[in-house]
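Engineer: Quick one: sequence and predicted model below, then my questions.
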Amino acid sequence: MTLPVQDLLAILPELVVISTACLILVLDPILAASKKDLLAWLTLAALAVCLGLTSSQVTGRQYAFSNMILIDSYGSFWKLLLYIVTGLTVLLSLAYLKAERLNIGEYYGFILLALAGMMVMVSGADLLTIYLGTELMSLSLYVMAGLKRADARSLEASAKYFVLGAFSSGILLYGISLLFGLAGSTRLPVIAEAIATQGTGNPILSLALVLLAVGFGFKLAVVPFHMWTPDVYQGAPTSVTAFMAVASKAASFGAFLRVFVEGLGGVSADWSILFTVVCLVTLALGNLVAIVQTNIKRMLAYSSIAHAGYALIGVVVAGRQGGMAASTGLPSVLLYIAIYSFMTLGAFALVGMLRKEGQESDNIEDYAGLAKREPLAAFFMLVFLVSLAGIPPTAGFIGKFYIFMAAVNGGMAWLAVVAVIFAAISAFYYLRIVMVMYMREPDNAAASHSRLETSPALSFVLACALAGVVLLGLFPNGLWSLATHAAPLLK
Amino acid sequence: MDHIFFFYFAGVIAVTSLLVVALRNPVYSALALLIMFFHVAGLYVTLHAEFLAAVQIVVYAGAILVLYLFVVMLLNVKTEERYHNQLPVAGLLGVMLCTEVILLLIQSRTAASAVPGDPVITSGNTETIGEVLYSTYLFPFEVASLILLVAMIGAIILAKKDIGDTVQ
Amino acid sequence: MLYTLIPFLPLFAFLIVGLGERWIKDRAHLVAVPAMVGSFALSLLALYEVALGHLVNVPLYTWLTSGNLDIHIAISIDRLTAVMLVLVTTVSTLVHIYTIGYMHGEPGYARFFAYIALFTFSMLMLVMADNLLQLFVFWEAVGLCSYLLIGHWYERPSACAAATKAFLVNRVGDFGFILGLFLVWYSFGSLDYATVFAQAQHVASTTMNVLGPFGGTWDVSVMTMICLLLFTGAVGKSAQVPLHVWLPDAMEGPTPISALIHAATMVTAGVFMVARLSPLYNLSPTAMTVVALVGALTMVLGATIALTQTDIKRVVAYSTMSQLGYMVMACGLGAYDAGMYHLLTHGAFKALLFLGCGSVIIALHHEQDMRHMGGLKDRLPVTYWTFLVGSLALAGFPLTAGFFSKDDILISSWSAGPLGQVLTICGLLTAGLTAFYSFRLVFVTFWGSSHVDPHHAGHVHEPSTTMTAPLMVLAVLSIVAGYLGIPAFLEPVFHSAGSAAHHEGPAAYGIMALATLMGLSGIGAAYYLYVLNPNLPDRLAHQWRALYELSLHKWYVDEAYDRSFVRPTISAANGLWKHVDVSIIDGAVNGVARAVAWGGWIVRLTQSGQTQHYALGMTLGAVVILTVYLLF
Amino acid sequence: MTTSFPWLSLIVFLPLIGAVLCLLVKVESARWLALSFTVVDFLCSLPLWWLFDSSTAEMQFVERASWITSPPVQYSLGLDGISFPLILMTTLLMPFCVMVSWTAIEKRIQLFMSMLLVMETAMLGVFVALDFVLFYVFWEAMLIPMYLLIGVWGGANRLYAAIKFFLYTLAGSLLLLVAIIALYFQGGHTFDILALSRGTYSASLQMWLFLAFFAAFAVKVPMFPFHTWLPDAHVEAPTAGSVILASVLLKMGTYGFLRFTLPMLPDATVTFTKPMIVLSIVAIIYGAYMALAQTDIKKLIAYSSVSHMGFVTLGIFVLNIQGIEGAVMQMVNHGITTGGLFLCVGIIYERTHSRHILDNTGLAGPMPRYALFLMIFALSSLGLPGTNSFVGEFLVLAGTFLWSKVAAAFAALGVILAAAYILWLMQRVAFGTPSPAHRAHLLDLNARETATLVPLVVLVFVIGIFPNPLLTRMHVSVAHLLAAPKTPAFAIEPRPVPPVIPVPPAAVAALTTLSSEQANAR
Amino acid sequence: MAVPLSYYLILSGFVFLTGVVGVLIRRNIIVILLSVELMLNATNINFVAFSEYFHNVAGQVFVFFALTVAAAEVAVGLAIIIALHRANSSIYVDDLNLLKR
């Protein structure tokens, strides 16, 4: 038994992440409580190293560890995105944990372990690795969601997330077992080949498809597998929510596309119909229910559901065109999720750090008059919301633009029309926040209005998110070429 | 002969799994599950997966289920006085799903056509698995270890009192 | 180029006075009057030039071009224009002078001068137009000045209402005018008089299907449509039935305005327009008939209403309406020269009458009800005598200007076929009524015992010279204008008119005699009723109550309009707004929003917080998808 | 034609720089900063009047640069005779918007001024963009600043009005986005407006695209029955917001029809001509009726805008030179006139804090200068000859008359009704005696306010009396629009104009130009 | 004669769905976890059966990993249950209702 050096080199970023995680877990008990910040900086350093390592992997396509894992530009795209959002989450957490008086050094370890899971997910070439990556990520997130143990809501979120997560992973696993039964292997290329040789009419395949769709649908938080999202997003500590909403969603999309395009591309006609329906109900429900929310975290949860719906349009189009290289469906999904990450992360960063009397103020009413108290914070929030609503010249518009381009190109203009109708509806709830911030005075004259607890780390996070939202809106060329470079390598 | 074993194990598995769900006292449920685990292990043996059969008994029956029972006792869990109020809907769905899944499964080509030939791995099942685990499946193996790490530390963080709840 | 100054001198006066209102204040006349005098002098010069047989046409600039629509602003003078110029500048100059006294000490003194200067400019440009659009533009501009001047005393609600009414009623007329204008452009491809007239014969033979857009067929001569539509404008501007209602109300404005705009110049623009476009009207007998009938109806109606009015200015106003009816009728019967002749003489004596009224009103401290007058002839001798001259001219008393022009009309009508003869009889009757009410006015105001408010009675005296001098000038003109040979001067313009040799023959003399008789008997009746038996009118009114009320209430036209147009429009607007715009259209918009929010509420209920509901949802999703797979 | 100097970029983005600076300075300086930026921007746009070449239908002052490489979205700007007047109008109006907000806006002045300047950039961008996506970016980008303008500094019901404005217009324009993308794939994979205008599209596609364009543009105009956001937005917006809304924002819809619908979808345009004209006429008459029913001055003017914009859409869809030139004129004129009216209302609102007609009566007495300006704008609004609005309405009606006499008659009814509601308004507001409650506040215009109104009044008359310099700058572009070879359908059937008969000398005697020689000789 | 594969599939399908129904109808979170174990075991039966019929050890390896994951899940799950019980004195899932709507 030898460990080929190439294999190890291929997973060097993963190794860095994992070993840093272990280091943190070891260091945590040793470090004095006041020096826990060091762990965050350590995490950031590891991420920076990974960023460099993965950047060197953006070209090429290399299997490693007996075809268990595939290092290619597609996975690297997601990894790069994950590093960035994880880094921002870590910075955000630095501020957030202090504000919440949570002093858990393991937190950063868990973030890194979850990240490792995500990295395995997006680069897995075998359903087994993908499943294990998913579980690694999920277990970390279950724990992280419940970290604010003093708060019953945090525990409740953790419990709900766990119960439903275990349920969905059971379903996912059953689907995988059926696929295994079909192809005799869990390797994606083998499955694709089996589908190609056996044809598509096999009922077991359909069953597997549905079960996988349910399993991944849960991770992607699309209707009707979304229902955990609002509760968990609301209950979990906000920095964790941000991480879940952004990184977990990105990684899930990465794995989801990998499985469905690379493994199940042969039945893309089937699943594109399935996801068309899912996409429609996701758009409808996410946007409609977001309207009536009074808690901003819940609202953002529904918003993230709705955004998954928009991204699904790209998936549907790609499926409809059989994952053709000509289709811009997949790159537009990649682009959309990347853009979504920046604006959502920015919004959650603000939500987490807007506090009154030490408590997070996540009721929309608490934002009344924010523009007067915290003009800069309100302005940042405005930009993020406007971008979420997809209004130019922010990045949110570019994301929708490419998605709609793909839809129309794929002959699904009607889907684009439906999507724009819901985009218009979505503008309502985003604007409602703007309205509350800018146009309403706080009800009571008490001094206990929410204010932004600023810190250099938070400012940096916000600045990065804003820069992402604005710059990607104005100059999307680079990201788009990355996405187009990454996506077609899925076959 | 195979059929007899199969029907015995399958029958017990089916009944006990129903009991797990149906029995209101969690202790009984757990015990039913325990019986089921044993029979699943038996089924594994008929399928030439001796190693898994052993692991099934050691890990599932020996560790996991004991953990469950321990928690049940620890928390002094009472009998559930009623099922969840969505029982009728859920039951209906379950029946529908069951019909559909079984319909699909017996229609499927793999299931219909596949008849086992001679098992490749007639002997040394454990050895074979050990071999691949550390070669082909080295990477998943490491990931699995991370999962266990997360589970361990996560369980500690969640269950232990007063960790990190306060600064200073 | 010199003639360009005719309109532009008033314009400069307007700009100087208007822009410098704050500094000029009560020195406004120092700018306005000389400008007007200059304009007047140049008009005379133009008249002389035109009389020599020359024509003047000075294109000023291209107003707009768009496709084949090409419109220039020009100054163009021919005989018809020249006499109008003289009339306008004469009356305007006199009114300017009169205003110095009349508006003395008013806060809006300079503003008033600015407006009348602007009016004069617009009126001059109107008559000098060489295309229909310029005519229309200044047609509206004089309407604006009328609006502004009627509303000069803007604190008075009645004045504002009258101003609005005047503008609106005119707008209704202009609605037809502009459609007619488009039809001209559509049919001729141009709006220039010269081009249009040159092609008139050709277009006269074409017809259009009026009911085409509604699926029916009713071919009407294009020329008739054009003439009728354009005439709608004249109906509005010249206060013809049924758009006459604004004119009496317009008396809310200061009296000089009534003289200038609502007697001598602007209201005659309709007549001028018909005369100007005579080459078109001549080609449409139908339109001519309509014009004649409308004129006759107005003539009679105005006279009957004037009989019973008690407001001194309103009597004169209705008489103006009636006299305009004469002119329009004349035009409708083809006697454009007669119509224009009466227009000119009427301009002189009616301005005189209004200014005389103004004199009385000023003397009585803005008292306008003639029942509160009486016995003023000794207190206001100049006013009385000039007023008397004016009234005689209005009544058609022999040897006054009104006598000649009115007879000209009646004689021309008589020779214009059976319709003309019927209308001549109407005209004769109206002449009698005219004589009656104009002398009723004289007798009640100046004769008999004084009913003046004793408060003011003590200091009733003749106004200043600036006011009396114009009266005297106009009195002279009211006589002299009859002897200037105006019809002969205008004859070349209307060379096609059929009534060329109408002054001869026994019929002419007969009608002249009849008219004189009617006039004299009218005067006699007035003398009998108001001087000899001052109580008789009241008894008669009592006896013929219905007729009296009908006349007093102006045939209830205002009331009818109020009920049939004004109130339904307002209530329709309110109803539409409340029940359509707010309820239905906006209701639909808000309804969509509410439905969306409601949908959100409903769907939100599924988010029960129950973990197992969520799991059920997932399962349900899977079941639905699987079922669909199995079924299809 | 390409010029070396990037005029358009300068004009478009100068205000944006000002917007950023405004956020960074103190209150007092923000006002002056905004004013100077808008004025300088106007001065920058002024040379275009002379540099503009009115003999070509080509785009002028073109700037091109790549923006997004795939799909190829360009940063390309240019002007022609249709957008040119709108640019000047926009830059001209903005200083007045700043000036009228000088004291009327009391809170968060920096943000206000900044938003005004952002609006200016976006609006100018809409009119000069030559790339469809760029156009769309500008088109949408103005929503947020306008939303804030209404929502933060608006009246009592501002929240409702702001969100209604936003959602209504957004819903329409999102459909436009889909249409733009569809055009991209059907029109040769380009977003270039000129290239797309040259393309031909199947009839059914045109139909769908027309509906999508209509959704965006008709809401913006707003055409009946999509107008109900307008009264709310107008009424609640601060004065500057109302002015911008009425003067510029509404024009973007009609500009869209002219720039996109007509050249790109000629067949659908012809197909939809009748419904469009009917809707326009309904808007004219219905808007006027609504105006008659109002007791809130701003609401009245808002509904009058519906009516007046009906003339614009009417002129556009009669598809002839007079109609379209009239429509463009009316766009400019409505901007000036209604802008002026809103400025006037803002001025009086600052004094009496009421927009109700009955609270603002008899203003002519205490405020004669104000009443004069109000009167001038009012008269212009009712289309009095000699004022600017007459030119546009006249041309539109002329064009309509060519299309259908009955349609012209109905449209002309709107002119009567306009006189009715405007004069009735004047009768109640300007005339009569002031209500005693407000008498003390009714001070006449101060120097700043006068300076705000005078240029507009001057323009009212200058355009009314000399419309031709403006018209000549659009002739070629409009002719080009109508004469594009692929749109034979636009050609109105030739009118049976009788041949011009040689004028006989006798007729000449009546009125011809022989006299002009004499006059000249004199 | 060997047992046909479909028998195993039907058995696993039944057990799996029993587990699903258990998750849906049991209120006690511990029993819900037990039901999830049923689902996982059903999966495992599948894997092993397929493995046998494909003569392929991969399925058995997968089961091994699934078992590991199940163990990990149980650890975390029971920790959550204990924490919950400490906070709420209840381990009924339908008592988790702070977060809703």
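Structural biologist: In hand now; what should we look at? Numbers count the residues shown, from 1 in each chain, chains lettered A, B, ... in the order given.

Engineer: and residue D:177, what is it in contact with?
Structural biologist: By CB atoms under 8 Å, 6 or more residues apart in numbering or on different chains, the contact set of residue D:177 is A:400, A:401, A:404, A:420, D:136. C-betas here are computed from N, CA, C, even on glycine.

Engineer: Check which helix or strand the last one maps to.
Structural biologist: Taking DSSP states H and E as the definition, one finds residue D:136 inside helix D:132-141.

Engineer: contacts for that helix?
Structural biologist: A:391-393, A:397, A:401, D:67-68, D:73-76, D:118, D:121-123, D:125-126, D:129, D:170, D:173, D:176-177, D:180, D:183-184, D:191-193, D:196, D:216, D:252, D:260.

Engineer: With just CA atoms, put it into CSV.
Structural biologist: The C-alpha coordinates for helix D:132-141 follow below in CSV (Å, rounded to 0.1, in the frame of the first residue of the first chain):
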residue,chain,number,x,y,z
PHE,D,132,-30.0,47.4,-25.3
VAL,D,133,-28.6,46.0,-22.2
LEU,D,134,-26.9,49.3,-21.3
PHE,D,135,-30.2,51.0,-21.9
TYR,D,136,-31.9,48.5,-19.6
VAL,D,137,-29.3,49.1,-16.9
PHE,D,138,-29.9,52.8,-17.0
TRP,D,139,-33.6,52.3,-17.2
GLU,D,140,-33.7,50.2,-14.1
ALA,D,141,-31.0,52.0,-12.2
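
Engineer: Surely residue A:267 and residue A:200 touch.
Structural biologist: Yes - Residue A:267 lies in contact with residue A:200 (CB atoms under 8 Å); the separation is 4.9 Å.

Engineer: So those two - more neighbours on which side?
Structural biologist: residue A:267 (22 against 15; other CB atoms under 10 Å in any protein chain shown).

Engineer: mind checking pLDDT for that one?
Structural biologist: Looking at residue A:267, its pLDDT is 87.

Engineer: give the contact list for it.
Structural biologist: A:195, A:200, A:205, A:209.

Engineer: make it 10 Å
Structural biologist: A:192, A:195, A:199-202, A:205-206, A:208-209, A:260, A:274, A:319 (CB atoms under 10 Å, 6 or more residues apart in numbering or on different chains).

Engineer: Got a ChimeraX select line for the buried ones in these?
Structural biologist: Buried members of the contacts of residue A:267, defined by 16 or more other CB atoms under 10 Å in any protein chain shown, are picked up in ChimeraX with:
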select /A:192,195,202,205,206,208,209,260,274,319
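
Engineer: with the contacts of residue A:267 in mind, which one is nearest to chain E?
Structural biologist: The closest of these to chain E turns out to be residue A:208 (CB to the nearest CB; 10.6 Å).

Engineer: so where do the strands sit in the stretch 151-300 of chain C?
Structural biologist: C:207-209, C:219-221 (DSSP state E, counting those that start in this stretch).

Engineer: So for chain D, which of the ones you listed sits nearest?
Structural biologist: strand C:207-209 (8.0 Å).

Engineer: mind checking the SS state of residue C:76?
Structural biologist: strand (DSSP: H, G, I helix; E, B strand; the rest coil).
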